[in-house]
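J.: any chance you can model this:
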Amino acid sequence: MRGNIVISQSGGPTAVVNSSIAGIVQEALRHPEVESIYGAINGIEGVLLEDLIDLRQEEPEAIEQLRRTPSAALGSCRWRMSPDDLKRTINVFSAHNVKYAFFIGGNDTMETASAVRGSVEEAGLDIRVMGVPKTVDNDLVHTDHCPGYGSVARWWAIAARDAGLDTKAMYHPDTVKVLETMGRDTGWIAASTSLARENDNDPPHLIYLPEERLDEERFLGDVDEAVRDLGYVVVVVAEGLRNREGEYLSVRTDRLQADRFGHGQLGGVANYLCSLVTSKLNLKARFDKPGTIQRVSASCASSVDSEEAYLVGKVAAREAIGGLTGYMVTLERRTGAEYDCQTGLAKLEDVAGSTRSVPREFVSKTGNFVTRDFVSYAKPLIGGTLPRYARLKKVPVKKRLPP
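T.: Predicted structure coming up:
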């Protein structure tokens, strides 16, 4: 089927999402039935505004360099589609002879892709719609993991190890350190900090996920016990942590802080918990709360993550040009001693509107850490070993003076 392609990105940028664009473009260039290849500026908003660029006009070197370029090269958005928006999308596709539409993103993006696919079918048009997974939250269903997650997991494994060394060195004045990760409804990112540990007593010592409601008294007991055992403690919490009543510990819902999907701006859980520790346990507590750098750092991009992001884009293009529509490309892990992953397919309507939480078997029985099964699951995704650090034996010298 001869016609044009349009590619859009939506949601939070990642360290590897542009690799999916490269995969789509480079695969499409192999097929003579593909004429123009358009990029929508700022996701579906670019489609609605007819703000498109011609990716065929880019130098081949620039397309290849996308595989090593972080953030969202086409720009991104968070836009909830209305019935009028769907009609407008179909009109723009028809005006530009778009026959293949690729939506790169997470949960909300797959919901958009599914809605567009339904509108295309209702209109009786031959336009093939494909979803390309991307989310650092790792919460899309029907896929083993999501491109973007391996890189943020690597970033946090290194950051947690570094913060742990800092706190261990300064535990006399700064006894408690709380690290706050992204993660509105799921704790996949927070859980990844467990990869920082080499030995059982290494930081982080406590990890709390949104899947487990936080009992503040039990939390304080966990912190107190760790400090008594080790002299210090490093705690990791996801920004979407909830109390026993199911309420966010910290969220802003005013108009300027909420997105078009009604999600309030989270953040501040670590600060809240530090205040709790100080007031209840009389311990000095500090927190680190990285912003968007955690999801988009090229310096910590996982090689496995980058290759898989490219692969899902390439496969999406190949399958659509071959006649498929209405699917999201998935990643399926093969069983065996060595990590091996292949692609699969899931219907867009089965993915849209669903969220994959961290399964209970990945959470410790005490609810304040993760299991070895999680470590086995996540470790291959971060693309090799972490930096090796020295461990001094610290052989004491015999004291010669009275204390």
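J.: and Ser192, what is it in contact with?
T.: Contacts here follow Cβ atoms under 8 Å, 6 or more residues apart in numbering; on that basis Ser192 touches 149, 152-153, 156-157, 378, 382. Every residue, glycine included, has its C-beta placed from N, CA and C.
J.: is the closest residue to it other than its chain neighbours within a helix or a strand, and which one?
T.: Excluding its sequence neighbours, the residue lying closest to Ser192 (Cβ to Cβ, 6 or more residues apart in numbering) is Ala153, at 3.5 Å. Counting by DSSP states H and E, the secondary-structure element that holds Ala153 is helix 149-169.
J.: what count of nearby residues applies to the residue nearest to Ser192?
T.: When neighbours are defined as other Cβ atoms under 10 Å, Ala153 has 28 of them.
J.: that one reaches Leu381, doesn't it?
T.: Yes: checked against Cβ atoms under 8 Å, the pair Ala153 and Leu381 is within contact range at 6.0 Å.
J.: intersection of neighbour lists for these two?
T.: When contacts are counted by Cβ under 8 Å, 6+ apart, the set common to Ala153 and Leu381 consists of Ser302.
J.: now the element after the helix holding Ala153, going C-ward?
T.: Under the assignment DSSP H and E, the closest C-terminal helix or strand after helix 149-169 is strand 176-181.
J.: strands paired with that following strand, and their directions?
T.: If you go by DSSP bridges, strand 176-181 pairs up with strand 233-238 (parallel), strand 285-288 (parallel).
J.: now the first one: mean pLDDT?
T.: Which is strand 233-238. Model confidence over strand 233-238, given as mean pLDDT, is 98.
J.: what does that strand contact?
T.: Among residues not part of strand 233-238, those counted as contacts by Cβ under 8 Å, 6+ apart are 160, 163-164, 167, 175-183, 186-187, 189-190, 193, 203-210, 223, 226-227, 269-270, 273.
J.: returning to that earlier point: how about the contacts of Ser192, which pair is most distant?
T.: In the contacts of Ser192, two members sit farther apart than any others by Cβ to Cβ. They are Tyr149 and Ala157, at 12.1 Å.
J.: picking up where we left off before, give the buried residues for the helix holding Ala153.
T.: Of the residues in helix 149-169, those scored as buried under the neighbour-count criterion (16 or more other Cβ atoms under 10 Å) are 149-161, 163-164, 166-168.
J.: I'd like to know which elements that helix is packed against.
T.: Where contact means 3 or more Cβ pairs under 8 Å, 6 or more residues apart in numbering; DSSP states H and E, helix 149-169 is packed against strand 176-181, helix 188-192, strand 233-238, helix 293-296, helix 303-321.
J.: what about stretch 387-398, start to end distance?
T.: Looking at stretch 387-398, the gap from its leading to its trailing residue is 34 Å under the measure Cα to Cα, to the nearest Å.
J.: make residue 1 into 749 and carry on from there
T.: Sounds good: first residue 749 from here, last item stretch 1135-1146.
J.: just the strands in the protein please.
T.: Chain-ordered strands for the chain, with DSSP state E as the definition, fall at 751-757, 782-788, 800-802, 846-853, 876-881, 924-929, 954-956, 981-986, 999-1000, 1013-1014, 1033-1036, 1075-1081, 1089-1095.
J.: quick one: average pLDDT of the second one?
T.: Spelled out, it's strand 782-788. This predicted structure assigns strand 782-788 an average pLDDT of 98.
J.: what do you get for the longest one?
T.: The predicted model gives strand 846-853 an average pLDDT of 98.
J.: correct me if wrong: Pro895 contacts Val765.
T.: Yes: look at Pro895 against Val765 with Cβ under 8 Å: they come within range, at 7.1 Å.
J.: list the residues that contact the closest residue in space to Thr891 that isn't next to it in sequence.
T.: Nearest residue to Thr891, sequence neighbours excluded (Cβ to Cβ, 6+ apart): Thr1078, at 3.9 Å. If a contact means Cβ under 8 Å, 6+ apart, then Thr1078 has 881, 890-892, 1091-1094 as its contacts.
J.: and of those residues, the nearest to Arg1139?
T.: The nearest one, if we look at the contacts of Thr1078 relative to Arg1139 and count by Cβ to Cβ, is Asp892, at 33.8 Å.
J.: residues near the closest residue to the closest one other than its chain neighbours, how many?
T.: Nearest-residue entry for Asp892: Arg1081, 4.4 Å, with adjacent residues in sequence omitted and distances by Cβ to Cβ, 6+ apart. Other residues within reach of Arg1081 by the criterion other Cβ under 10 Å amount to 15.
J.: same thing with the one 10 residues further on?
T.: Other residues near Thr1091 come to 17 when the count uses other Cβ under 10 Å.
J.: and it, what does it touch?
T.: 1059-1060, 1063, 1077-1080.
J.: if we can go back for a sec, out of the strands paired with strand 924-929, flag the one nearest Gly1115.
T.: Judging the strands paired with strand 924-929 by Cβ to Cβ, what sits closest to Gly1115 is strand 981-986, at 12.5 Å.
J.: the inter-axis angle of that closest one versus helix 897-917?
T.: In terms of direction (axes from the mean of the first three to the mean of the last three Cα atoms, to 10 degrees), strand 981-986 departs from helix 897-917 by 150 degrees.
J.: give me the buried stretch members for strand 981-986, please.
T.: Within strand 981-986, the residues that count as buried by 16+ other Cβ under 10 Å are 981-986.
J.: swap in stretch 843-852?
T.: In stretch 843-852, the ones that count as buried by 16+ other Cβ under 10 Å are 844, 846-852.
J.: of those, closest to Ile769?
T.: Nearest member of the buried residues of stretch 843-852 to Ile769, counting by Cβ to Cβ, is Ile852, at 7.2 Å.
J.: surely the closest one and Ser768 touch.
T.: Yes: contact between Ile852 and Ser768 holds when scored by Cβ under 8 Å: they sit 5.2 Å apart.
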